[in-house]
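A.B. asks: sequence and computational prediction follow.
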Amino acid sequence: MDLELVTIGTELLLGHTVDSNAADLSRALTAVGARVVRTSTVGDDHDAIVATVRDALARAGFVVTTGGLGPTRDDITKGAVAAIYKVPMVRDEAYERLLEERWQALRRPGAMPESNRTQALLPRGAERLSNPRGTAPGLWLEGAPGTVVMLPGVPEEARGLVAEEVVPRLARQLSDTAVVTRSYVLRTAGIGESALADRLDGVEQTLAPVTLAYLPTLDGVDLRFTVWGVAANRADAMLSEAIGLVRPTLGDHCYGADGADLAGEVLHLLEQKRLRLAVAESCTGGLIGARLTAVAGASVAFVGGVVAYDDAVKRVQLGVGEELLATHGAVSEAVVTAMAHGVCDRFGVEAGLAVSGVAGPGGGTDDKPVGTVCLAARVGAQNRVVTLRVLGDRYQIRARAVQGALFLLRRTIGVL
């Protein structure tokens, strides 16, 4: 089945909003056997939407749109699609009552605005798709020009509707022998792209017809395995075989798959071993703590930390010696080791993590250029310290320092 995606919104054309919907929907739809042959982006203009969707229908016969289903004046997708099918807009009284019930359940003052009622106006013949994450329903409309599936532009709502409504319907239309494209990602840290490629050189040649792509990110290098144009009932087995060949070669550099988060993996290890963690941060200014507390349930293992940006804070709060700072400097393995020990003592925990570095754009020297980051981890009697040289702007250096610190801590916990 061939289909086209049309993402709608002037904010996408202006660059004010990143169009993540096209990527998210393409992954989900190709995984079930559909073939996305083209994506288009169009602004909030009735005639432009009509022309774009009509052309896409003429080419593919099946179009998925995102955006333009809300209650405001620039939400005009439904009317444009209705014009293509030459059907009127009709009121869905059952959905209007549902909107009223939601409004009352939220205990908002006053009557529901008339603008919200426009979301109950649907092209005649369109099937409403349940959207529990928002007030704009998805719509499925079939007719002479083909099939149009209209989804909200809010990414969480679009993804939910695709997973819960669109993909199951397409799956019923496609047999197990449908040709699909599917991918699987292994996430790595603490090793560069070229080093990974060297390590996998011999194995990679045995993976065909599965392809392997190296995807560098701020978190490390993701390895994406993809099978192209094979029967659905063979795709998963082929991917599993390829991953089985590569995974042992990666060692502890691989920390998970697909959406895995290294912070979550570290917290899981700490919880398993009944360890509590505190952090001491200089150049990252609290970013390690932010990464950890973004994980639900982090308080089981993470107790807190100190942002020791100024040397005086390192001395007073973490017990780093004046002589140590004077001799080695704040960005040094000696100082971060002392910071890791100090934060363990200060919070009475078994695990400590410390970071200090030169994030730039200024402050670098010949010995310690911008991008120099010193990391230390202490877990019980185990101590590890490392100096990294990372590239990028200030944001990238700090983000990579956080990931490096989490990887060092994970490796240190792993030896217990």
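C.D. replies: It's in.

A.B. asks: chain center to the top helix by length along the chain: distance?
C.D. replies: Identified as the longest helix of the chain according to DSSP state H is helix 394-414. Put simply, helix 394-414 sits 18 Å off its chain's centre (CA atoms, centre = their mean, to the nearest Å).

A.B. asks: so which residues of the stretch 151-300 of the chain form strands?
C.D. replies: 179-188, 211-217, 220-231, 254-257, 277-281 (DSSP state E, counting those that start in this stretch).

A.B. asks: the stretch 1-150 of the chain too?
C.D. replies: Under DSSP E, counting those that start in this stretch, the stretch 1-150 of the chain gives strands at 2-8, 35-42, 62-66, 89-91, 121-123, 127-129, 138-143, 146-151.

A.B. asks: please work out which of those strands is packed deepest.
C.D. replies: strand 62-66 (a mean of 28; mean count of other CB atoms under 10 Å). Any C-beta I mention is one placed from the backbone N, CA and C, and that applies to glycine too.

A.B. asks: that older thread, now render the strands of the stretch 1-150 of the chain as a markdown table, adding distance to residue 317 and mean pLDDT.
C.D. replies: Output for the strands of the stretch 1-150 of the chain, formatted as a markdown table (distance: least, CB to CB, whole Å; pLDDT from 0 to 100):
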| stretch | distance to residue 317 | mean pLDDT |
| --- | --- | --- |
| strand 2-8 | 49 | 97 |
| strand 35-42 | 51 | 96 |
| strand 62-66 | 49 | 98 |
| strand 89-91 | 64 | 95 |
| strand 121-123 | 60 | 95 |
| strand 127-129 | 54 | 96 |
| strand 138-143 | 53 | 96 |
| strand 146-151 | 51 | 97 |
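
A.B. asks: nearest to residue 104, of these?
C.D. replies: strand 89-91 (19.4 Å; CB to CB).

A.B. asks: residues making contact with the closest one?
C.D. replies: 78-79, 82, 120-124 (CB atoms under 8 Å, 6 or more residues apart in numbering).

A.B. asks: which of those sits closest to residue 96?
C.D. replies: Of the contacts of strand 89-91, the one sitting nearest to residue 96 (CB to CB) turns out to be residue 120, at 3.8 Å.

A.B. asks: for the worst-scoring helix or strand of the chain on mean pLDDT, name the packing helices and strands.
C.D. replies: Sorted by mean pLDDT, DSSP states H and E, the helices and strands of the chain end with helix 114-117, the least confident at a mean of 83. With contacts taken as 3 or more CB pairs under 8 Å, 6 or more residues apart in numbering; DSSP states H and E, helix 114-117 sits against helix 93-105.

A.B. asks: any idea of the mean pLDDT in the helix it packs on?
C.D. replies: With pLDDT averaged residue by residue, helix 93-105 scores 87.

A.B. asks: now do the buried residues in it.
C.D. replies: Buried residues in helix 93-105, counting neighbours by 16 or more other CB atoms under 10 Å, are found at 95-96, 98-99, 103.

A.B. asks: ok, now stretch 72-80?
C.D. replies: 75-80.

A.B. asks: tell me which element the nearest residue to residue 336 once chain neighbours are set aside is part of?
C.D. replies: Nearest residue to residue 336 in three dimensions, chain neighbours excluded: residue 376, at 3.9 Å (CB to CB, 6 or more residues apart in numbering). Assigned by DSSP states H and E, residue 376 belongs to strand 372-379.

A.B. asks: tilt between that strand and helix 394-414?
C.D. replies: 30 degrees (axes from the mean of the first three to the mean of the last three CA atoms, to 10 degrees).

A.B. asks: packing partners of strand 372-379?
C.D. replies: helix 333-347, strand 351-357, strand 382-389, helix 394-414.

A.B. asks: these: which one's closest to residue 194?
C.D. replies: Once the helices and strands packed on strand 372-379 are compared by CB to CB, strand 382-389 is nearest, at 15.0 Å.

A.B. asks: pull out the buried residues from the closest one.
C.D. replies: So for strand 382-389, counting by 16+ other CB under 10 Å, buried means 384-386, 388.

A.B. asks: nearest to residue 138 among those?
C.D. replies: residue 388 (46.1 Å).

A.B. asks: in this structure, where is pLDDT below threshold?
C.D. replies: Within the chain, the stretches with pLDDT under 70 are 107, 175-177, 416.

A.B. asks: ok, 80 please
C.D. replies: 105-111, 174-178, 415-416 (pLDDT under 80).

A.B. asks: follow-up on the earlier one: and the buried residues of stretch 72-80 as JSON lines, adding distance to residue 337?
C.D. replies: JSON lines is the format used below for the buried residues of stretch 72-80 (distance: CB to CB, whole Å):
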{"residue": "75", "distance to residue 337": "57"}
{"residue": "76", "distance to residue 337": "61"}
{"residue": "77", "distance to residue 337": "59"}
{"residue": "78", "distance to residue 337": "62"}
{"residue": "79", "distance to residue 337": "65"}
{"residue": "80", "distance to residue 337": "63"}
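
A.B. asks: so which of those residues are in helices?
C.D. replies: Using DSSP H, the buried residues of stretch 72-80 in helices are 77-80.

A.B. asks: out of those residues, the closest to residue 354 would be?
C.D. replies: For these, the nearest to residue 354 is residue 77 (51.9 Å; CB to CB).

A.B. asks: show the contacting residues for the closest residue to that closest one other than its chain neighbours.
C.D. replies: Once flanking residues are discounted, residue 77 sits nearest to residue 68: 3.1 Å by CB to CB, 6+ apart. Residue 68 sits next to 8-9, 44, 49, 74-78, 80, 153 when contact means CB under 8 Å, 6+ apart.

A.B. asks: measure residue 68 to residue 308 for me?
C.D. replies: Going from residue 68 to residue 308 by CB to CB, to the nearest Å gives 50 Å.

A.B. asks: what's the residue nearest to residue 22 when sequence neighbours are not counted in contact with, if anything?
C.D. replies: Once flanking residues are discounted, residue 22 sits nearest to residue 39: 4.7 Å by CB to CB, 6+ apart. Shown in contact with residue 39 (CB under 8 Å, 6+ apart): 4-7, 22, 26.

A.B. asks: just to check, residue 140 is in contact with residue 127?
C.D. replies: Yes: Residue 140 is within contact range of residue 127, at 4.4 Å (criterion: CB atoms under 8 Å).

A.B. asks: between these two, what contacts are shared?
C.D. replies: Counting by CB under 8 Å, 6+ apart, nothing touches both residue 140 and residue 127.
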